[in-house]
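>>> Quick one, what's the 3D model for this:
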Amino acid sequence: MTAEPNPSRVDVAASFLSVLLVGGFFVDLWAHSHGRVDESFFTPWHAILYASAGAFGGVLLAFWLRSRREGASIGAALPPGYGLSLIGAGLFLTAGLGDLVWHVAFGIEEDIDALLSPTHLALAASGFLMVFGPVRSAWSKGPPASFPRWLPWASALTMGLAILGAFTQYVHPAIDTWPEQIEALDAGRSDLATVRADGGPQSRFRIEGADQVWLPDYADDGRLVISIVTGETGRLVTMAGDGSDQVVLYEGPGLFHHAEWSPDHSMIAFNDEIDGRPEILVIPSGGGDPTRLTDDPAVDWGPTWSPDGDQIIFTSDRGGEPALYRVAVDGGEAEPYLSVDGGMYVASFSPDGQWIAFETSPKGDRDIARIRPDGSDLTMLTSDAGEDVAPSWSPDGELIAFASSRTGDLDVYLMESDGSGQRNITQHPGADEGWAGTSWSPDQAVIATNQSGHTPFWAEPFVRESLGVAALLIQATLIAAFLLLALRHGPLPLGSLTLMIGGSGALMTMISDQYWYIGVAVVAGVAGDLTIRLARPSPDRFWAIRLVAFAVPAIWYTFYLIAIRVWGEGLGWSVHMVIGTPLVAGVAGLLLSFLAFPGTTFSSDRTITST
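Below you'll find the model as predicted:
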């Protein structure tokens with residue numbers, strides 16, 4: 001009887017270093033997912049990762065040099081399987097230098113970009129070569145089956161599965177719980193949206209707890225101020241241009257809207273509903289108590305700053321027809337400023353202060369017009385059927401953004417400052433954009449607005465079902481692939497599958513904080529280990545291999561759905577989805593088993609022979 005091979009010192013060292021390397025990788029992922037990084041390559045998290053890679057390569061190089069001094073040839077100076085690991089360490093450090101150059105040339109990647117960046121894929125591939133050393137070593141001499149001898153190669157499989165899970169995290173059940181039930185959302189709610197001025201991709205930012213988002217306004221440094229409605233409460237919120245660093249500036253029972261930065265960004269003007277009517281207030285941009293500037297039975301709304309920052313221009317119907325009024329920032333009596341036939345609403349000064357764009361309705365529907373601050377040169381800029389509202393000037397004064405319902409839904413349009421070249425840049429059927437204001441980013445590339453009349457993508461049943469099934473198929477295939485890869489080289493020891501599924505699943509929770517998933521992964525691994533023990537899959541028991549390949553991913557996803565049902569918010573999928581998805585997971589593994597263990601081969605005379 002052949003003695004069971006023992007893991008060598010290189011096996012033990014490499015498996016330990018693989019855990020350090022992948023652990024360092026997940027620490028870096030944790031830092032990214034928890035906002036602990038800045039726009040720099042040189043972070044403490046990268047230091048941990050590259051120090052782990054350097055230690056891995058240094059230890060293998062030390063083993064190689066010692067064997068060379070003892071007379072071993074270049075190719076035989078490391079045990080079988082570790083030549084590729086040493087090459088992988090060199091490639092990893094080379095890819096790291098390439099990543100630094102890539103960041104300088106193209107910037108720091110974010111979200112899915114970071115998972116598909118060529119240099120990051122090179123790091124993943126070289127890391128995979130490194131951590132799989134103990135697996136290749138075990139296959140060269142026969143994998144040990146008794147505890148703890150099997151730990152080095154099983155832990156290496158675990159680290160490999162974790163790397164692939166991390167690079168497919170956009171479809172991983174530990175990251176997004178797509179089967180979970182969510183609260184039904186009113187399509188009348190509105191979100192903050194950004195639209196590229198060239199008509200490119202649009203983005204929506206979810207403001208925590210917000211039912212409505214109104215009238216965003218950019219500062220010159222890229223910050224935004226918005227007014228939101230949450231239940232019966234209004235809030236003024238400032239934030240970075242990407243939606244991060246949200247700070248509640250002011251909160252109260254009123255409905256706040258038309259928030260706008262002063263020219264020097266020291267103050268913010270806004271409307272507040274007081275005793276049922278909108279009034280004009282200003283507040284320091286760093287927070288504090290607001291100052292009320294108007295107190296009149298009329299409706300006063302739409303404040304904007306005069307170019308010199310000394311006055312607030314606003315719309316009021318205190319004279320009968322809506323017209324523009326002005327009031328000093330430090331208080332005093334409001335006085336008439338400008339009026340035209342058809343009324344004046346929501347004024348916007350051009351950057352040079354030479355023009356005012358505004359809404360007016362001389363023929364019924366609202367249109368956009370412009371006028372000099374002295375009341376001369378009134379020019380209608382739009383005249384089509386439909387409502388044209390919420391004008392705002394581009395930073396260079398050449399363009400005006402506005403919202404229009406001329407095609408049915410409200411969309412954001414652009415036009416030249418003289419009214420020519422009008423074009424739709426959102427084109428989003430079924431949704432309304434821009435009705436509560438538009439504002440240009442300082443670089444003129446993006447327009448902030450709001451969007452309503454839609455259900456956010458993450459709340460669409462089709463999206464949740466599609467992404468949930470996609471995550472199921474990809475991760476079930478990976479789990480089944482690693483299981484079958486191990487079975488190709490011998491029986492799986494009891495406990496090894498628990499380590500593979502449970503260990504890789506635990507690492508994934510560092511990204512999502514969904515720590516309950518660790519229990520799911522461990523229980524699924526234990527159930528899979530017991531299934532393997534009972535079925536005893538082997539090349540002469542193909543039915544057992546098929547059974548295990550089907551059962552392990554199916555069991556994993558069944559436990560996942562049970563956990564969401566018991567400890568989560570409940571299942572939002574139909575009974576058909578809940579029963580069918582684990583079966584599809586099993587089928588993915590079953591089909592893969594026919595590739596790993598075909599069951600037949602072709603002999604030289606092309607006849608089919610059972611294997």
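>>> Report the contact partners of Phe128.
Taking C-beta atoms under 8 Å, 6 or more residues apart in numbering as the contact definition, Phe128 lies against 88, 160, 163-164. In short, each C-beta sits where N, CA and C put it, glycine included.
>>> any low-confidence regions in the protein?
Regions of the chain meeting the criterion pLDDT under 70 cover residues 1-4, 38-39, 183-189, 206, 208-209, 429-430, 453-457, 600-611.
>>> what residue lies at the spatial centre of it?
Ranked by distance to the mean C-alpha position of the chain (C-alpha atoms, centre = their mean), the top residue is Asp111 at 5.3 Å.
>>> Stretch 494-505: which residues count as buried?
For stretch 494-505, the buried set under the neighbour-count rule, 16 or more other C-beta atoms under 10 Å, comprises 495-505.
>>> which other residues reach that stretch?
Counting by C-beta under 8 Å, 6+ apart, stretch 494-505 makes contact with 147, 150-151, 154-155, 157-159, 161-162, 165, 174, 479, 482-483, 486, 517-518, 520-522, 524-526, 528-529, 532-533, 552, 556, all of which sit outside it.
>>> Recalculate using a threshold of 7 Å.
Counting by C-beta atoms under 7 Å, 6 or more residues apart in numbering, the neighbours of stretch 494-505 from elsewhere in the structure are 147, 150, 154-155, 157-158, 161-162, 165, 174, 479, 482-483, 517-518, 521-522, 524-526, 528-529, 532-533, 556.
>>> Domain boundaries for the chain, per the record?
Structural domains of the chain, as assigned by automatic domain parsing, span the residue ranges 1-161, 168-183+458-611, 190-454.
>>> which of the contacts of stretch 494-505 count as buried?
Among the contacts of stretch 494-505, those classed as buried by 16+ other C-beta under 10 Å are 150, 154-155, 157-158, 161-162, 165, 174, 479, 482-483, 517-518, 521-522, 524-526, 528-529, 532, 556.
>>> Of those residues, which belong to helices?
Secondary structure assignment (DSSP state H) places 154-155, 157-158, 161-162, 165, 479, 482-483, 517-518, 521-522, 524-526, 528-529, 532, 556 from the buried ones among the contacts of stretch 494-505 within helices.
>>> in stretch 575-587, what's buried?
For stretch 575-587, by 16+ other C-beta under 10 Å, it's 577-578, 581-582, 584-587.
>>> Just the strands from the stretch 501-611 of the chain, written as ranges.
Shown for the stretch 501-611 of the chain, the strands assigned by DSSP state E, counting those that start in this stretch span residues 600-602, 608-610.
>>> Could you point out which of the buried residues of stretch 575-587 is nearest to Ala125?
Of all the buried residues of stretch 575-587, the one sitting nearest Ala125 is Ala585; the distance, using C-beta to C-beta, is 26.6 Å.
>>> mind listing what that closest one touches?
If a contact means C-beta under 7 Å, 6+ apart, then Ala585 has 472, 476, 553-554, 556-557 as its contacts.
>>> Need the residues you listed in a markdown table (columns: distance to Met510).
Formatted as a markdown table, the contacts of Ala585 follow (distance: C-beta to C-beta, whole Å):
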| residue | distance to Met510 |
| --- | --- |
| Leu472 | 22 |
| Ala476 | 22 |
| Pro553 | 23 |
| Ala554 | 26 |
| Trp556 | 19 |
| Tyr557 | 21 |
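>>> Which among those count as buried?
Using 16+ other C-beta under 10 Å, the buried members of the contacts of Ala585 are 472, 476, 553-554, 556-557.
>>> Next secondary structure element downstream of the strand or helix carrying Leu86?
Under DSSP states H and E, the secondary-structure element containing Leu86 is helix 83-106. Secondary structure here is assigned by DSSP H and E; on that basis, the next helix or strand after helix 83-106 toward the C-terminus is helix 112-116.
>>> just how off-centre is that next one within its chain?
Relative to the chain's own centre, helix 112-116 is displaced by 11 Å; criterion: C-alpha atoms, centre = their mean, to the nearest Å.
>>> What of stretch 153-169?
Relative to the mean C-alpha coordinate of its chain, stretch 153-169 is positioned 22 Å out (C-alpha atoms, centre = their mean).
>>> Over to stretch 223-237?
For stretch 223-237, the distance between its averaged C-alpha position and the chain's averaged C-alpha position is 23 Å (C-alpha atoms, centre = their mean).
>>> Provide the secondary structure category for Ser203.
Of the three states, Ser203 takes strand under DSSP: H, G, I helix; E, B strand; the rest coil.
>>> Now tabulate the contacts of Phe128 in TSV and tack on distance to Pro537.
Rendered in TSV, the data for the contacts of Phe128 read as follows (distance: C-beta to C-beta, whole Å):
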residue	distance to Pro537
Gly88	30
Gly160	21
Ile163	26
Leu164	23
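>>> any idea which of those residues is the one closest to Arg69?
Out of the contacts of Phe128, the one with the shortest distance to Arg69 is Gly88. That distance is 23.4 Å, counting by C-beta to C-beta.
>>> Surely that closest one touches Met130?
Yes - using C-beta atoms under 7 Å, Gly88 is in contact with Met130, at 4.1 Å.
>>> Of these two, which one has the most company?
Between Gly88 and Met130, counting by other C-beta atoms under 10 Å, Met130 is the more crowded of the two (32 against 25).
>>> any idea how far that one is from Gly586?
Taken as C-beta to C-beta, to the nearest Å, the spacing of Met130 relative to Gly586 amounts to 32 Å.
>>> can you map out the helices along the stretch 401-550 of the chain?
461-487, 496-512, 516-535, 542-567 (DSSP state H, counting those that start in this stretch).
>>> for these, which one sits closest to Ala13?
Each of the helices of the stretch 401-550 of the chain has some distance to Ala13 by C-beta to C-beta; the shortest is helix 496-512, at 18.6 Å.
>>> Please produce CSV containing the helices of the stretch 401-550 of the chain, extended by distance to Ile312.
Formatted as CSV, the entries for these read as follows, by distance: least, C-beta to C-beta, whole Å:
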stretch, distance to Ile312
helix 461-487, 43
helix 496-512, 46
helix 516-535, 52
helix 542-567, 52
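>>> Nearest approach to Ala47 belongs to which of the ones you listed?
Among these, the nearest to Ala47 by C-beta to C-beta is helix 496-512 (17.7 Å).
>>> Any buried residues in stretch 416-431, and which?
So, applying 16+ other C-beta under 10 Å, buried residues of stretch 416-431: 417, 419, 422, 425-426, 428, 431.
>>> I'd like those residues written out as CSV, with distance to Ser512 added.
Listed next are those as CSV, based on distance: C-beta to C-beta, whole Å:
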residue, distance to Ser512
Ser417, 48
Gly419, 50
Gln422, 45
Ile425, 35
Thr426, 32
His428, 30
Ala431, 29
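>>> Out of the helices of the stretch 401-550 of the chain, the one nearest Ala51 is which?
Closest of the helices of the stretch 401-550 of the chain to Ala51 is helix 496-512, at 18.4 Å (criterion: C-beta to C-beta).
>>> Run a quick neighbour tally on Asp341.
10.
>>> so which strand or helix has it?
For Asp341, there is no helix or strand it lies in under DSSP H and E.
>>> How about it: what's its closest non-neighbour residue?
The spatially closest residue to Asp341, leaving aside those adjacent along the chain, is Pro362, at 5.7 Å (C-beta to C-beta, 6 or more residues apart in numbering).
>>> Contacts for the host helix or strand of that neighbour, please.
Secondary-structure assignment from DSSP H and E places Pro362 in strand 356-363. Applying C-beta under 7 Å, 6+ apart, the contact partners of strand 356-363 are 340-349, 366-371, 373, 389, 391, 393, 400.
>>> Brilliant, that's me finished.
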